[in-house]
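Colleague: Quick one: sequence plus predicted model below, questions after.
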Amino acid sequence: MDGNIRKRFTKIAAAAAVVMAVALPASPALADPTPDERPDVPVGTWLAARTQPAVQLTSFTYTATVSVPSNTINQAQIEQLSQQAVTAVTAGKISSDERSIAKWIFQQIAANVDAYVSATTPERTVDAEVGGMCTGWWVTPDGYMVTGAHCVQVGETELSQLFAQQALKKFNEQDAKEIISGLGDLAADEEILKLAQQIYITFNTNNMKLSNLKQSLNVMQSLPGGGVDKTAKAVPAELVSVGESYPGKDFALLKVNGQQNLPTVPLGDDADVRTGDTLYISGFPGLVTNTPFFSLESKLEPALTEGPYNAKRTTQTGVPYIQTQAPSYKGNSGGPVFSKDGKVIGMLIAGTVSEGGEASENESFVLPVGIIKEKLGEKNIKPAQTITSTRYNEALNDFFRHHYSAALPKFREVQALFPNHPYVAKYISDTQQAISAGKDETPKPILMWVLIGAGVLLAVVIALVLVMALRRRRRRRPQPSFAPPSYGAVPPPQWRQLPAGQAQVSPPVQQPAQGAYGYEAAQYGSPQHNGHVQSGQPGQYGQPGQYGPDQYGSSQYGYPAPPQGQAPFGDETRDVRYGQFAPPPDDRNA
């Protein structure tokens, strides 16, 4: 291969390489979406899958020894009250039947308990535990968690009420039975029973004392192996900082030690959402966590609710809150609130709920993310996106696109990074089943496309080499049996069927040098058009246009066509077009 051909191959190869380099990245199969690019699934589905691992059920617990005194009824006061009842009956204010009179007496005692019930000995004690459940979420891979202030502590009045409800129930019921027994044969209906219990709920709560009070904070976390199931346990948490409960800056920061590679959720900005946007609340509703017939797995999976951003509100102390129509429940407190882009824009703090835990529309209130960032900054805590969440989000996107072969190694990497991950084990199982069922739609990797492109390029280069080699070989084929004339000496061809007397034999001439007006000139030097050799150059036969291509293309060697009616090369019949042939005069001796 000479230098010119080699240069031509180099240019072809370079051009092909450029084409491959430009075409490959543009292929849809090679697209590498970012973790924040949502697949073709509903926003809620996408958000729940991405954020659930970082949203955890939290609990606060108080333990104490509860003491209440025994009690006795003030008989003098009761006699006086009985006289008042008689007067009320005479005046027609109450009915004269015994049941109506008993109800009226109990109502008067419940309205002023200390006037009718007195403390006495012995003191009664019981060990009790009270607490509540809320929602928290990881903001750093090493164990910092955000939740609400009212989710980690309660005031003295509220704490006493909790212990009274929890620890004093037995005492209240026992005392109520004793006072009802004083009615004799009069059967107590439900209303009388409630009035009697309310008397002792009030008395025992007012006289209750707490000792050995202790508090603990915990985060429910699954054990290594994955899955929010019976292996979950309460992990102790440390209270780092706490703000004021609602309507203040209801914020608390927890720290769980010994953590690494925890899944986290990213923080957005207050400007990310505005009135009319859809907000998404994640958390653990008490109507599930406090219901005995739900499994532990069900209780440990957060619920996602959504609703519009209704308005921005400000408390009298200047604390901003977002009012949203997204439903919230007891237990949702402290839960993150997301925009449609999957970033935290606030934290659910308050909402009006019924006794059954049902939410009232338009009355869920969210602490904006700006306050959360402010409080984190006070403790020099910088939220960070962990590699666990990055890989998990990438795997989820592949999973939702049915790219199961691409998702599987990423899910396994997540499991290796964070063995306690609550959901990755289930995704690994689902992904393997999808692959086995032939549902995998993973595109070919870029390496395979590069290899295919390289193979195509190699095939093109080999084909070009073969073509050039054949052309070179043709140029080196043996000369025909006659030599083309030189400088006007044109010997006629040896047509086998020319009539006698028409054949003119010219003496042999020397083969001209390459590039002379002979064979090589006709092959490379003469202009060609559509495969026809354009005659008219020195050393050509006849006049321009007198002969042209036969059925094999152009007259490759410059042979003149046979006279009309004569078949070249034997008896073969060919469709040959030519003009009148007249050999030029022999002027070699001129």
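Modeller: Noted; the coordinates are in hand.
Colleague: count of neighbours near P247?
Modeller: 16 (other C-beta atoms under 10 Å). All C-beta spots, glycine's among them, are computed from the backbone N, C-alpha and C.
Colleague: so who does it touch?
Modeller: 315-317, 319, 321, 350 (C-beta atoms under 8 Å, 6 or more residues apart in numbering).
Colleague: Also T386?
Modeller: Taking C-beta under 8 Å, 6+ apart as the criterion, T386 is in contact with 141, 261-264.
Colleague: can you give me the helices in the stretch 51-200 of the chain?
Modeller: 75-90, 98-111, 113-116, 156-167, 169-181, 190-207 (DSSP state H, counting those that start in this stretch).
Colleague: Dump those to TSV, plus mean pLDDT.
Modeller: Below are the helices of the stretch 51-200 of the chain laid out as TSV (pLDDT from 0 to 100):
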stretch	mean pLDDT
helix 75-90	89
helix 98-111	88
helix 113-116	92
helix 156-167	89
helix 169-181	87
helix 190-207	90
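Colleague: how about the ones you listed, which one is nearest A48?
Modeller: Of all the helices of the stretch 51-200 of the chain, it is helix 156-167 that lies closest to A48, at 32.2 Å by C-beta to C-beta.
Colleague: Can you list which of the contacts of T386 are found in strands?
Modeller: Per DSSP state E, strands hold no members of the contacts of T386.
Colleague: And those residues, which is closest to S295?
Modeller: Using C-beta to C-beta, the contacts of T386 come closest to S295 at P263, 22.6 Å.
Colleague: Tell me how many other residues crowd that closest one.
Modeller: The number of residues packed near P263 is 29, by other C-beta under 10 Å.
Colleague: okay, it: pLDDT?
Modeller: On pLDDT, P263 comes in at 96.
Colleague: Show the contacting residues for the residue nearest to it when sequence neighbours are not counted.
Modeller: Leaving aside its chain neighbours, P263 sits nearest to P53 (3.9 Å; criterion: C-beta to C-beta, 6 or more residues apart in numbering). P53 is in contact with 263, 389, 392, 421-424, counting by C-beta under 8 Å, 6+ apart.
Colleague: again, only using 10 Å
Modeller: Contacts for P53 (C-beta atoms under 10 Å, 6 or more residues apart in numbering) come out as 137-138, 222, 228, 262-265, 302, 388-389, 392, 414, 418, 420-424.
Colleague: out of those residues, which are inside strands?
Modeller: Using DSSP E, the members of the contacts of P53 that fall in strands are 137-138.
Colleague: May I see the buried residues of the strand or helix carrying A416?
Modeller: Using DSSP states H and E, A416 sits within helix 404-417. Neighbour counts using 16 or more other C-beta atoms under 10 Å place 404-408, 410-415, 417 of helix 404-417 among the buried residues.
Colleague: Any chance of JSON lines for the contacts of T386, columns distance to P42?
Modeller: JSON lines is the format used below for these (distance: C-beta to C-beta, whole Å):
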{"residue": "P141", "distance to P42": "29"}
{"residue": "N261", "distance to P42": "29"}
{"residue": "L262", "distance to P42": "27"}
{"residue": "P263", "distance to P42": "21"}
{"residue": "T264", "distance to P42": "23"}
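Colleague: Just name the closest of those to Q166, please.
Modeller: Using C-beta to C-beta, L262 comes nearest to Q166 of those, at 32.8 Å.
Colleague: Contacts only, for that closest one.
Modeller: By C-beta under 10 Å, 6+ apart, the residues touching L262 are 53-54, 56, 138-145, 221, 256, 384, 386, 388-389, 417-418, 420-421.
Colleague: where does the stretch 251-400 of the chain dip in pLDDT?
Modeller: Across the stretch 251-400 of the chain, the ranges flagged by pLDDT under 70 are 353-362.
Colleague: Go again with 90.
Modeller: 286-301, 329-330, 351-363, 385 (pLDDT under 90).
Colleague: And the helices in it?
Modeller: Going by DSSP H, counting those that start in this stretch, the stretch 251-400 of the chain shows helices at 286-289, 296-299, 369-378, 387-400.
Colleague: Most tightly packed of the ones you listed?
Modeller: Here the criterion is mean neighbour count by mean count of other C-beta atoms under 10 Å, and of the helices of the stretch 251-400 of the chain the winner is helix 387-400, at a mean of 22.
Colleague: Kindly calculate the angle that it makes with helix 404-417.
Modeller: Helix 387-400 runs at 160 degrees relative to helix 404-417, counting by axes from the mean of the first three to the mean of the last three C-alpha atoms, to 10 degrees.
Colleague: Return the alpha-carbon coordinates of helix 387-400 using PDB.
Modeller: Extracted in PDB, the C-alpha atoms of helix 387-400 (Å, rounded to 0.1, in the frame of the first residue of the first chain):
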ATOM      1  CA  ILE A 387     -24.300   7.800  48.900                       C
ATOM      2  CA  THR A 388     -26.800   5.300  50.200                       C
ATOM      3  CA  SER A 389     -29.700   7.500  49.000                       C
ATOM      4  CA  THR A 390     -28.000   8.400  45.800                       C
ATOM      5  CA  ARG A 391     -27.500   4.800  44.800                       C
ATOM      6  CA  TYR A 392     -31.000   3.900  46.000                       C
ATOM      7  CA  ASN A 393     -32.600   6.600  44.000                       C
ATOM      8  CA  GLU A 394     -30.700   5.600  40.900                       C
ATOM      9  CA  ALA A 395     -31.800   2.000  41.400                       C
ATOM     10  CA  LEU A 396     -35.400   3.000  41.900                       C
ATOM     11  CA  ASN A 397     -35.400   4.900  38.700                       C
ATOM     12  CA  ASP A 398     -34.000   1.800  36.900                       C
ATOM     13  CA  PHE A 399     -36.600  -0.300  38.600                       C
ATOM     14  CA  PHE A 400     -39.500   1.900  37.600                       C
END
